[in-house]
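Peer 1: here is my input; please provide its structure:
(one chain, ligands or ions: 1)
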Amino acid sequence: MRTLFLKHLAPTSDMPLMNEIERAEGVYLYEKSGKRLMDLISGIAVSSLGHLNPEIKEAVHQQVDKYWHTMVYGEFVLSPQVKFAEMISKFMPQDLDSVYFTNSGSEATEGAMKLAKRATGRPDIIAAKYAYHGSTQGAASLMNPTDFTQAFHPLLPGIKHIEYNNESSLEIIDSNTAAVIVEPVQGESGVTLPVPGFLKKLKEECQRKGALLIFDEAQTGFGRTGKMFAWQHSGVEPDIILLAKALGGGFPLGAFISSQELMKKLSFDPVLGHITTFGGHPVSTAAGLAALEFIIKKDLLKEVENKGQLFEKNLKHHRILETRRIGLMMALEVGTFENVMKVVRYGLENGVLVDWFLFNNTSIRLAPPLVISEEEINDACDVLLKGLDQI
Ligand code: PMP
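Peer 2: Residues are numbered from 1 along each chain as shown. Coordinates of the predicted model:
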């Protein structure tokens with residue numbers, strides 16, 4: 001299988017992990033070799049309710065028994081989409097009650113960029129440095145630094161960058177700016193929390209210049225930060241919110257969400273402003289709905305911050321130079337990529353999976369399933385501390 005993997009599956013790097021997974025349940029991945037790995041990254045920030053959650057599984061089975069794909073997005077009335085969109089809207093800022101389901105986070109970014117341009121008639125989009133919003137050409141245009149995108153230039157024109165947490169950099173927002181897109185907590189920069197007041201100031205600047213504000217909650221959504229969505233920490237209400245990753249309860253799904261008034265602009269001048277065949281797939285939306293119901297029913301959010309604190313309390317080690325954390329979204333700064341790799345390798349050999357970040361390879365990423373137990377946290381931390389001893 002591993003030989004065929006290398007022969008027939010397109011590679012994304014020259015160093016894939018190559019663990020051969022036979023099944024996965026709860027916080028554990030089970031390998032063909034018989035080894036068990038505790039999943040502390042949730043692949044990544046997707047399997048927030050652990051693997052093979054019985055209620056998601058049941059919802060998927062029920063949906064599969066009724067129908068799968070029936071028609072491109074937006075034509076038929078499909079109850080998993082409708083019920084899920086209604087329930088998501090309850091956790092959104094007041095006006096944001098129109099959900100456009102997509103296949104992925106990248107497609108949600110694309111849709112939101114198009115909506116902002118169409119709604120404002122302006123050409124430019126502003127993103128933050130060290131942000132990640134996806135790998136398709138529009139979303140990739142937002143990336144800065146450009147190490148990952150240089151080879152694919154030219155990408156989109158009219159893209160500018162602010163520095164996250166730097167209020168003076170907001171000066172570049174002007175009358176050409178269609179939207180500013182940021183993560184309410186930056187993920188791939190290595191977990192960067194907004195300093196108090198930054199997002200509020202950003203919203204004010206957007207309003208003053210007539211630009212829309214987009215929050216990308218692909219990583220922060222569905223309880224990862226201890227609240228259902230990260231916009232709730234600051235109370236700052238953006239014009240558009242992007243969701244992905246945990247949205248589908250482990251099935252492929254993304255969404256961009258806005259007010260009905262704004263969203264309807266994608267339906268005329270031109271008609272079909274954004275179209276997608278599989279967006280909002282009935283099985284994915286049924287799974288996502290079951291996942292959201294599970295979070296609510298189990299009152300999972302109230303445990304998230306405490307669990308994060310337990311990780312932080314346990315993970316005291318002289319090799320950790322800094323810990324950045326909100327809820328169960330966490331980065332351990334260890335100084336060099338070599339140090340990160342020593343811990344990653346030790347973890348893999350001793351049953352714990354961690355990795356690093358796209359724009360920060362000197363920090364270890366922790367994004368465990370929210371359902372992880374205290375005992376499992378203690379076990380995971382014991383392994384990580386021994387891994388840190390290897391540095
Ligand atoms: N936005 C953010 C904040 C992300 O972390 C990601 C994925 N890492 C995306 C967008 C893109 O999502 P996808 O991989 O589903 O296209």
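
Peer 1: next helix or strand past the helix or strand containing K7?
Peer 2: Element membership of K7 [criterion: DSSP states H and E] is helix 2-8. Later in the chain than helix 2-8, the nearest helix or strand by DSSP H and E is strand 21-25.

Peer 1: which residues touch that next one?
Peer 2: Here strand 21-25 makes contact (C-beta atoms under 8 Å, 6 or more residues apart in numbering) with L29, Y30, E31, K32, D39, S47, G50, H51, L52. Glycine gets a C-beta too; all of them are placed from N, C-alpha and C.

Peer 1: can you list the residues of the protein near the ligand?
Peer 2: Listed as neighbours of the ligand in the chain under the rule C-beta under 6 Å from any ligand atom: 104-106, 109, 132-134, 183, 187, 216, 218-219, 244, 254.

Peer 1: now the helices: where do they sit in the stretch 51-200 of the chain?
Peer 2: Ranges of helices in the stretch 51-200 of the chain, per DSSP state H, counting those that start in this stretch, are 54-66, 79-89, 105-120, 137-141, 198-209.

Peer 1: and stretch 64-77, what's buried?
Peer 2: The neighbour-count check on stretch 64-77 (16 or more other C-beta atoms under 10 Å) flags Y73, G74 as buried.

Peer 1: from the chain, which residue is nearest to the ligand?
Peer 2: G105 (2.2 Å; C-beta to the nearest ligand atom).

Peer 1: touching, L212 and I181? I think so.
Peer 2: No - with contact defined as C-beta atoms under 8 Å, L212 does not count as touching I181 (9.0 Å).

Peer 1: picking that back up, tell me the most buried of the helices of the stretch 51-200 of the chain?
Peer 2: For the helices of the stretch 51-200 of the chain, the largest average neighbour count (mean count of other C-beta atoms under 10 Å) is found in helix 105-120, namely a mean of 24.

Peer 1: give me the contact list for that helix.
Peer 2: 100, 102, 122-123, 125, 133-136, 138-139, 142, 178-179, 181, 210-212, 214, 216, 218, 240, 242-245, 254-256, 258, 262-263, 265-266, 269, 273-274, 276, 279.

Peer 1: where exactly do the helices run in the stretch 251-391 of the chain?
Peer 2: Counting by DSSP H, counting those that start in this stretch, the helices of the stretch 251-391 of the chain are 260-263, 282-297, 301-314, 337-349, 374-389.

Peer 1: biggest separation within the contacts of strand 21-25, which pair?
Peer 2: Across the contacts of strand 21-25, no pair lies farther apart than K32 and G50, at 20.5 Å, counting by C-beta to C-beta.

Peer 1: assign a three-state SS to the residue nearest in space to the middle of the chain, would you?
Peer 2: Note on the chain: the residue nearest the mean C-alpha position is Q219, at 2.2 Å, using C-alpha atoms, centre = their mean. Assigned state for Q219: coil (three-state reduction, DSSP: H, G, I helix; E, B strand; the rest coil).

Peer 1: shouldn't it be in contact with E183?
Peer 2: Yes - judged on C-beta under 8 Å, Q219 makes contact with E183 at a distance of 7.0 Å.

Peer 1: before we move on, the earlier item: by neighbours, which of the contacts of strand 21-25 wins?
Peer 2: Top of those by neighbour number is S47, holding 28 neighbours under the definition other C-beta atoms under 10 Å.

Peer 1: now do the contacts for that one.
Peer 2: Per C-beta under 8 Å, 6+ apart, neighbours of S47: A24, D39, A246, G250, P369.

Peer 1: and the residues you listed, which is closest to L388?
Peer 2: Nearest to L388 out of those is D39 (C-beta to C-beta; 19.4 Å).
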